[in-house]
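Enquirer: no sequence on this one, just coordinates:
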């Protein structure tokens, strides 16, 4: 990894995502994200920036994102990303297709994860709703104040749903899910997720479902009870902010996510302290720079390293991009977006 004083100028890294079959997945990512979903498969997730995602463009072709992070270090991820997350790839982006209900779950914060999960990160995340079926909803927090013992009893008696808060969702909604928020994505929702790069999920409740081998999935009740918030939360939908011809969708200590609709060419933003993740939701987009060019089709993702210089996005008239990064404390997009919200935000 880089330890010298002179940063290495790195070009864009286009990635081939990894598909994950789940008991609740479906086939929507074929049409909505251009993924190669086999007929009859239950693909629940496409991990766009997985550490085992393979780079497809030279000079990185054939190498995993994890290996590239180890090789290039802070030149790839940026000094701010390293300060917040350590010397690891900071953010995981996914497409999710909930053909059936996901389990009711909760994620720890960084402090709990570091102390109890071998130094791993916690997980704050956000969802950008792409498609919904009639009646689609998510679980977001609790409907009233509760206690640890009440939740424990509700799980034991299969009555947890009585105290969960159900929220209707539609395409375009942006849901911010801080660590400690009990949540579930329900059937009929397809979305794009941005999260701290963490695999820690504490499953509280799974509707009594059985896996293919006839056994129920593991629950993590004691860990979940230790990290969940027992007061109701009403923050669920956040308000995107129109800014400089794009929309800032959400911002927090860990990430900022914006949306760009392209008609022709648009200059990108140089961010020397954080890598950027760019995903094409629709259309095609060329990312052009002195360090190299890549072209993203629908559902494809590229990482722009922190040392990448001036670049531009060239769209085909229908291109719509999502872009995320780790913000500096004085990030102008973060400050403007937070000032536009009608409630105090918690990371």
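Expert: Received the coordinates, thanks. As the structure is a prediction and not an experimental result, all values here were calculated from the model.
Enquirer: so where do the helices sit in this structure?
Expert: 28-33, 65-72, 74-77, 79-85, 110-116, 148-156, 221-227, 332-340 (DSSP state H).
Enquirer: ok, which stretches of the stretch 201-347 of the chain are strands?
Expert: 202-205, 241-243, 246-251, 256-261, 265-267, 276-282, 285-289, 292-296, 301-304, 311-315, 320-325 (DSSP state E, counting those that start in this stretch).
Enquirer: Show me what stretch 267-276 is in contact with.
Expert: 76-81, 89-90, 287, 289, 303-313, 323-328 (Cβ atoms under 8 Å, 6 or more residues apart in numbering). For every residue, glycine as well, the C-beta is placed using N, CA and C.
Enquirer: Next, the buried residues of it.
Expert: 268, 271, 273-276 (16 or more other Cβ atoms under 10 Å).
Enquirer: measure the spatially closest residue to residue 151 that is not a sequence neighbour to residue 196 for me?
Expert: In this structure, residue 151 finds its nearest non-sequential neighbour in residue 225, 6.3 Å apart by Cβ to Cβ, 6 or more residues apart in numbering. Look at residue 225 and residue 196: by Cβ to Cβ, to the nearest Å, they are 21 Å apart.
Enquirer: For these two, indicate the residue with more neighbours.
Expert: Shown here are residue 225 and residue 196; by other Cβ atoms under 10 Å, residue 196 has more neighbours (25 against 18).
Enquirer: Hmm, that one is touching residue 125, no?
Expert: Yes. Applying Cβ atoms under 8 Å as the test, residue 196 and residue 125 come out as touching, 7.2 Å apart.
Enquirer: shared neighbours, the two?
Expert: By Cβ under 8 Å, 6+ apart, residue 196 and residue 125 have no common neighbours.
Enquirer: Give the buried residues for stretch 79-96.
Expert: Going by neighbour count (16+ other Cβ under 10 Å), the buried part of stretch 79-96 is 79-82, 84-85, 88-96.
Enquirer: For residue 318, see how far away residue 263 is.
Expert: To residue 318, residue 263 is 9 Å away according to Cβ to Cβ.
Enquirer: sorry, back to before: are any of the contacts of stretch 267-276 buried, and which?
Expert: Of the contacts of stretch 267-276, these count as buried by 16+ other Cβ under 10 Å: 76-81, 89-90, 287, 289, 303-308, 311, 313, 323-328.
Enquirer: gap between residue 121 and residue 55?
Expert: 23 Å.
Enquirer: Please say which of the two ends up with more neighbours.
Expert: residue 121 (26 against 22).
Enquirer: which ones are touching the nearest residue to the more buried one once chain neighbours are set aside?
Expert: Excluding the flanking residues, the one nearest residue 121 by Cβ to Cβ, 6+ apart is residue 198, at 4.2 Å. When the contact criterion is Cβ under 8 Å, 6+ apart, the partners of residue 198 are 92, 107, 113, 120-123.
Enquirer: at 6 Å instead, please
Expert: Residues near residue 198 by Cβ atoms under 6 Å, 6 or more residues apart in numbering: 120-121, 123.
Enquirer: can you check residue 245 too?
Expert: Applying Cβ under 6 Å, 6+ apart, no residues contact residue 245.
Enquirer: With the one 5 residues further on instead?
Expert: Residues in contact with residue 250, defined by Cβ under 6 Å, 6+ apart, are 126, 174, 176, 238, 257.
Enquirer: Tell me the one of those nearest residue 25?
Expert: Residue 25 lies nearest to residue 126 out of the contacts of residue 250, by Cβ to Cβ, at 20.5 Å.
Enquirer: is it true that that closest one touches residue 194?
Expert: Yes. The pair residue 126 / residue 194 is scored as a contact, 5.2 Å apart, by Cβ atoms under 6 Å.
Enquirer: Tell me what the residue most central in space within the chain is bridged to.
Expert: Central residue of the chain (Cα atoms, centre = their mean): residue 194, 1.4 Å from the mean position. Taking DSSP bridges, one obtains residue 93, residue 126 as the residues bridged to residue 194.
Enquirer: Check the gap between it and residue 42 for me.
Expert: From residue 194 to residue 42 the distance is 23 Å (Cβ to Cβ).
Enquirer: Equivalent analysis for residue 304, please.
Expert: From residue 304 over to residue 42 the distance is 33 Å, taken as Cβ to Cβ.
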